[in-house]
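Novice: structure for the following, please:
(one chain, ligands or ions: 1)
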Amino acid sequence: MSISPPPGVTHEGNLIEVHNGGAEDWLQFSEVRPYTNAFIRQEGKILLGYKKRGFGKDLYNGFGGKLDPGETSLQAAERELQEEAGIQAKLRECGTLFFVDEKIAWAFHIHVFTAETFTGEVTETEEMRPQWFATQPAEETTDPEIAKLPQIPYSQMWADDVYWMPLLLSKTKFVARMDFASDGTLRKWWAAKEVQ
Ligand SMILES: CNc1ncnc2c1ncn2[C@@H]1O[C@H](COP(=O)(O)OP(=O)(O)OP(=O)(O)O)[C@@H](O)[C@H]1O
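Specialist: Got it, this is the predicted structure:
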């Protein structure tokens, strides 16, 4: 059976394990803007950044932002990682997120990237304070350094992250759409794994 994703969601592979929430119809959108979001994922841990200013202030997120004119999403993702966390990595695309917000005139098409290794030193910047988080419960790790790390702080993240972050951590490609109401609550969401 083939799966039809919500409007705006693009994919190349087959969609499996669809998860669906919310009751309202999908919001309309007239413009789509590209963004990036990058995560360094290592054995038992993930690097997130605490956003100190601007859009998403006081929330933890990956590192990313808008594309500069003429940039590919990969170039933008690598530039934003350098600008916001002070590190360089060869990123690869691991998913796409599509966000629509009742209060915002355009839809966000976010290319999500990941890497396991990086060069340079993780550095706090004017925009972001990077921090490592454990991706498994402390009792399930034998690595004392991982056991000391805090768990992923979903209560200080965008309301949608809890639905797609597990797909990112499972290392399968994923696609998701999330619609926000004007009061900031998640009004409807859809997520799936993408396989070849
Ligand atoms: C609605 N739910 C959401 N859930 C998780 N992540 C979200 C998100 N909505 C946007 N994002 C990410 O937030 C960053 C914004 O980037 P943003 O600060 O606007 O861009 P940029 O750094 O270019 O801006 P300035 O340089 O400050 O103008 C960018 O990574 C984008 O992928």
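Novice: just the CA atoms of stretch 133-150, as PDB, please.
Specialist: Output of stretch 133-150 as PDB, limited to C-alpha atoms (Å, rounded to 0.1, in the frame of the first residue of the first chain):
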ATOM      1  CA  PHE A 133      23.100  15.000  25.900                       C
ATOM      2  CA  ALA A 134      22.800  11.300  26.500                       C
ATOM      3  CA  THR A 135      20.800   9.300  24.000                       C
ATOM      4  CA  GLN A 136      20.200   6.400  26.300                       C
ATOM      5  CA  PRO A 137      19.200   6.100  30.000                       C
ATOM      6  CA  ALA A 138      22.200   6.200  32.400                       C
ATOM      7  CA  GLU A 139      21.500   2.600  33.600                       C
ATOM      8  CA  GLU A 140      21.800   1.300  30.000                       C
ATOM      9  CA  THR A 141      25.400   2.600  29.500                       C
ATOM     10  CA  THR A 142      28.700   1.200  30.700                       C
ATOM     11  CA  ASP A 143      30.500   4.400  29.700                       C
ATOM     12  CA  PRO A 144      30.800   6.600  32.900                       C
ATOM     13  CA  GLU A 145      31.200   9.800  30.800                       C
ATOM     14  CA  ILE A 146      27.800   9.100  29.000                       C
ATOM     15  CA  ALA A 147      26.200   8.200  32.300                       C
ATOM     16  CA  LYS A 148      27.000  11.700  33.700                       C
ATOM     17  CA  LEU A 149      25.300  13.500  30.800                       C
ATOM     18  CA  PRO A 150      21.800  14.900  31.100                       C
END
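Novice: chain center to that stretch, what's the gap?
Specialist: Going by Cα atoms, centre = their mean, to the nearest Å, the spacing between the C-alpha centre of stretch 133-150 and its chain's C-alpha centre is 22 Å.
Novice: show me what contacts Ile87?
Specialist: The contact partners of Ile87, taken as Cβ atoms under 8 Å, 6 or more residues apart in numbering, are Ile40, Leu81, Phe118, Thr119, Gly120, Glu121, Val122, Thr123. In this view, the C-beta of every residue, glycine as well, is placed from N, C-alpha and C.
Novice: ok, the second one - how many residues close by?
Specialist: In terms of burial, Leu81 registers 29 neighbours under the definition other Cβ atoms under 10 Å.
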